[in-house]
Structure formats: structure tokens, C-alpha cells
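Visitor: Take this sequence and fold it.
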Amino acid sequence: MSGLRTLHFAARDPYAGSVNLLGKTWYLSRKPIKVTGPEPLLEPIVVALFVEQDARIHFQKLPAGLFWEMYREAIPNGVEFGLELARKGILQDLRKRGTSTKEMIDSLLYQVK
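Guide: Numbers count the residues shown, from 1 in each chain. Prediction:
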């Protein structure tokens, strides 16, 4: 509806991702929207950042349930990497050092499996 014609996304959202709406709604299926993604190098990092934050807030334990089951099934390396980041306090150390976003992403790209 916004006139957007190209969308690039870094990571899937297996729980509530909206890209599926393009083929399932009459209005959007008629629009010439080009969608590219996920980005293979960024997807596990984006998911890991999400997981790390949630694990840190919940004392390094992820809540059980459908939400996390879907993420573990779709992007297991991102979930595990996020838990590792939380356990080791890697992002907290980078934050304390005042690391820039670019430096942080570069560092994570080097570490992701």
C-alpha cells in the first residue's frame, strides 16, 4: 500500500513473518513487489542478537513454547549463537567498550558458525 516495490530482509521470522502475505492476499499478490532475503551471513547474527537480549533479560534461559520452537527449527545456528553470546557476555563486553555497530557486526561475522 505504501508503494514499496523492493524489499530486502536480513532474517526470517518463522513465528510471524509477513513475507507470506504477498502470495496469500488478493491485494498484495497483484503488486509488483520484489522480495530478497534472508541474507545468509546476517540471518544468524540478527537472530542471535534477538536471542541474546531475551536470554539476558530472562537470566540466560529462553522461555519454552511454540515461539522458540519455531526459531530453533528454522534457524538453529542463530539461536545457539545467541545463547552462546548470552552465556559468555560477549555483547555486554562490546557494549562496555563502546564498540561501534559496524565493529560489532564484523566481530560477530567472524564468530558465527
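Visitor: Ser107: neighbouring residues, count only.
Guide: Other residues near Ser107 number 15, with proximity taken as other C-beta atoms under 10 Å. Every C-beta, even on glycine, is put in place using the N, C-alpha and C of the backbone.
Visitor: what's it in contact with, if anything?
Guide: 94, 99 (C-beta atoms under 8 Å, 6 or more residues apart in numbering).
Visitor: ok, it to Arg12 distance?
Guide: According to C-beta to C-beta, to the nearest Å, Ser107 and Arg12 sit 23 Å apart.
Visitor: got the buried residues for the longest helix belonging to the chain?
Guide: In the chain, ranked by residue count with DSSP state H as the criterion, the top helix is helix 43-57. The neighbour-count check on helix 43-57 (16 or more other C-beta atoms under 10 Å) flags 43-52, 54-56 as buried.
Visitor: Off-centre distance for the helix or strand following that helix?
Guide: Secondary structure here is assigned by DSSP states H and E; on that basis, the next helix or strand after helix 43-57 toward the C-terminus is helix 66-74. For helix 66-74, the separation from the chain centroid amounts to 12 Å (computed by C-alpha atoms, centre = their mean, to the nearest Å).
Visitor: Measure how helix 66-74 sits relative to helix 43-57, angle-wise.
Guide: Inter-element angle recorded for helix 66-74 and helix 43-57: 150 degrees (by axes from the mean of the first three to the mean of the last three C-alpha atoms, to 10 degrees).
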